[in-house]
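In: need the 3D shape of this:
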Amino acid sequence: MTPIPIDDPGDPRLDAYTRMRERDLVGREGRFIAEGEVVLRVLLSGRARFRVESVLLSPERLPGLAPALAGLDAPVYLASRAVMGAVAGFPIHRGVLALGLRGAEPSPDALVPPGPALLVGLVGLANHDNVGGIFRNAAAFGADAVLLDAETCDPLYRKAIRVSAGTSLTVPFARLPTGDALLDLCTRQALTPLALSPRGEAITTLPPLPRALLLLGTEGPGLPEALMARARRVAIPMAPGVDSLNVAVAGAVALHRLGGGRLAEA
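Out: Here you go, the predicted model:
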């Protein structure tokens, strides 16, 4: 790995990093932007299922990251933070960016293991902070994969990756067209669909479920009624006068309950 200094924001080698804020939502021809040291280290660790196309660092960040970058078969560009900010369109305070390659997305059914299984299904989640937080929870509590409907935002959006602490690069995920398609997958794969709802049975009283998919909906409206009618409704017991949690927090509580046996065995 021989770093390549760049001092011109117009250098064509940095084209994929330009106007990150404006372009991030519409995709980058099968690429994504990773930001910050924590995320870059995950991307380089071998645990991520994505390849690195290039890395862009401010020079002062190179010494600390050089061991992780050793052996990387991709260019490492060095540019001042002023140049990085001019390229990105806003100040890059961390001085660490990378370009990843998405590759082919796996089949949803292929992500369901044959034995004990715990998956998360996201329906209509448009908030990148919540999606990133849910991926972090899925990693922490041993979920096998996350499945997303078409309305749920991209877990490889820059902010979602950052909030997930890089776990959206390691937890397998795939997309289905609708919430109904998620439930059809449950039927095919003998998964018990669980829908979080204030009107469900207490999740603390559930018997062990060897194969389950936890459905999480957007805050406010929650999961569609027609979807919950096809699932087993479960609720998180709360103090009187409180009936809801942030969806990422609710997902963490539910996953800890459902995946507790896995954690004890690890």
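
In: would you map out the domains in the chain?
Out: By the assignment in automatic domain parsing, the chain contains the domains 4-101, 109-265.

In: can you put these in JSON lines and add mean neighbour count?
Out: In short, each C-beta sits where N, CA and C put it, glycine included. Formatted as JSON lines, the domains of the chain follow (neighbours: other Cβ atoms under 10 Å):
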{"stretch": "domain 4-101", "mean neighbour count": "17"}
{"stretch": "domain 109-265", "mean neighbour count": "19"}
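
In: TSV for the ones you listed, including mean pLDDT?
Out: Listed next are the domains of the chain as TSV, based on pLDDT from 0 to 100:
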stretch	mean pLDDT
domain 4-101	91
domain 109-265	93
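
In: any chance you could map the strands in the stretch 151-266 of the chain?
Out: 173-175, 192-202, 211-217, 232-235 (DSSP state E, counting those that start in this stretch).

In: give me the contact list for the last one.
Out: For strand 232-235, the surrounding residues in contact (Cβ atoms under 8 Å, 6 or more residues apart in numbering) are 192-203, 206, 254.

In: go again using 7 Å as the cut-off
Out: 192-203, 206 (Cβ atoms under 7 Å, 6 or more residues apart in numbering).

In: same question, the shortest one
Out: Applying Cβ under 7 Å, 6+ apart, the contact partners of strand 173-175 are 105-108, 111, 145-148, 150, 155.

In: can you check the second one too?
Out: Strand 192-202 is touched from outside by 183, 186, 209, 211-216, 222-223, 227-228, 230-235, 237, 243-244, 250, 254, with contacts defined as Cβ under 7 Å, 6+ apart.

In: so it versus strand 211-217, what angle?
Out: The directions of strand 192-202 and strand 211-217 differ by 70 degrees, with axes from the mean of the first three to the mean of the last three Cα atoms, to 10 degrees as the criterion.

In: where's strand 192-202 relative to the chain centroid, distance-wise?
Out: 23 Å (Cα atoms, centre = their mean, to the nearest Å).

In: so what are the sheet partners of that strand and their directions?
Out: strand 211-217 (parallel), strand 232-235 (parallel) (DSSP bridges).

In: once you drop chain neighbours, what's closest to Ala190?
Out: Counting by Cβ to Cβ, 6 or more residues apart in numbering, Arg211 is the residue found nearest to Ala190 once chain neighbours are left out, at 5.7 Å.

In: one more: Leu69?
Out: Met1 (5.1 Å).

In: ok, that neighbour - contacts?
Out: Met1 touches 69-72, 76, counting by Cβ under 7 Å, 6+ apart.

In: and which of those is nearest Leu119?
Out: Leu72 (32.2 Å; Cβ to Cβ).

In: can you pull the contacts of the closest one?
Out: 1, 44, 52.

In: measure the residue nearest to Leu69 to Leu62 for me?
Out: Distance from Met1 to Leu62, counting by Cβ to Cβ, to the nearest Å: 10 Å.

In: now swap in Asp144 and tell me
Out: Taking Cβ to Cβ, one finds Asp144 at 37 Å from Leu62.

In: centre of the chain to the helix or strand in which Leu119 is found, how far?
Out: Using DSSP states H and E, Leu119 sits in strand 117-123. Its chain's C-alpha centre and that of strand 117-123 lie 12 Å apart, by Cα atoms, centre = their mean.

In: ok, and what's touching that strand?
Out: 112, 131, 134, 138, 142-149, 152, 179, 182, 191, 211-217, 223, 227, 251, 258-259.

In: got the angle for whichever helix or strand comes after that strand vs strand 211-217?
Out: Moving toward the C-terminus from strand 117-123, the next helix or strand (DSSP H and E) is helix 128-140. Here helix 128-140 points in a direction 160 degrees away from that of strand 211-217 (the same axes, to 10 degrees).

In: lovely, talk soon.
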